[in-house]
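In: 3D, please:
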Amino acid sequence: MTIPPLRPDREHGIDPAKAAEMTRRHRGEATAAAARTPEDGAIGGLFSKRAVLALLSRPDAEFLRYYFARDDEGRRALVLVAADLNGNDLLDGGTSTLDRHWPCPPYCPEEASVLRG
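Out: Next comes the predicted model:
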């Protein structure tokens, strides 16, 4: 299988209604039978702007990659890392990866959001 080249100018935006459908599917609410109580962090989480911009401030950073992970207690986590133009993880020097996000739940938006459900 040939993998298409990475394009830093790719449009990543999607319609909020489509995003809501995708997050609803992840939460298992597509059907009543699939509904479940999410564990901490099962819906999403927050990273600070400062931390993300610092991660991407490297001159060779072209992308932000995420990895699904589990923390020491087995809770869901995301690990973020900057990647270069070829998609290689930039792991050398300083803080090169992020986690320690604020998980949702419990840090979910107080205002209604179609993405949270």
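In: contacts and neighbour counts: CA atoms only from here.
Out: OK.
In: hang on, L46 packs against L98?
Out: No: checked against CA atoms under 8 Å, the pair L46 and L98 is beyond contact range at 11.2 Å.
In: OK, contacts around the closest residue to N86 other than its chain neighbours?
Out: Distance criterion CA to CA, 6 or more residues apart in numbering; nearest residue to N86, sequence neighbours excluded, is L6 at 6.9 Å. Contacts for L6 were tallied using CA atoms under 8 Å, 6 or more residues apart in numbering; they are L85, N86, G87.
In: Help me confirm that R70 comes into contact with R76.
Out: Yes: counting by CA under 8 Å, R70 does reach R76; the two are 4.7 Å apart.
In: okay, the two: which has more neighbours?
Out: R76 (17 against 12; other CA atoms under 10 Å).
In: Look up how far G44 lies from the more buried one.
Out: Distance of R76 to G44, given as CA to CA, to the nearest Å: 9 Å.
In: ditto for P5
Out: P5 is 29 Å from G44, by CA to CA.
In: The two - which one has more neighbours?
Out: G44 (20 against 9).
In: what does stretch 107-117 contact?
Out: For stretch 107-117, contacts defined as CA under 8 Å, 6+ apart pick out P16, A17, A19, A20, E21, T23, R24, I43, G45, L46.
In: Setting aside sequence neighbours, what's the nearest residue to the second one?
Out: When you say that, I think you mean A17. Nearest one to A17, counting by CA to CA, 6+ apart, is V114 at 7.7 Å.
In: What about that neighbour, how many residues nearby?
Out: 12.
In: Could you confirm it falls within a strand?
Out: No: looking at V114 with DSSP: H, G, I helix; E, B strand; the rest coil, it is coil, so not inside a strand.
In: Check which element follows the lengthiest helix in the chain along the chain.
Out: Longest helix of the chain, by residue count under DSSP state H: helix 16-27. As assigned by DSSP states H and E, the chain's next helix or strand after helix 16-27 is strand 44-46.
In: per-residue confidence at the closest residue to L98 other than its chain neighbours?
Out: Nearest non-adjacent residue to L98, counting by CA to CA, 6+ apart: L80, 4.9 Å away. pLDDT, L80: 88.
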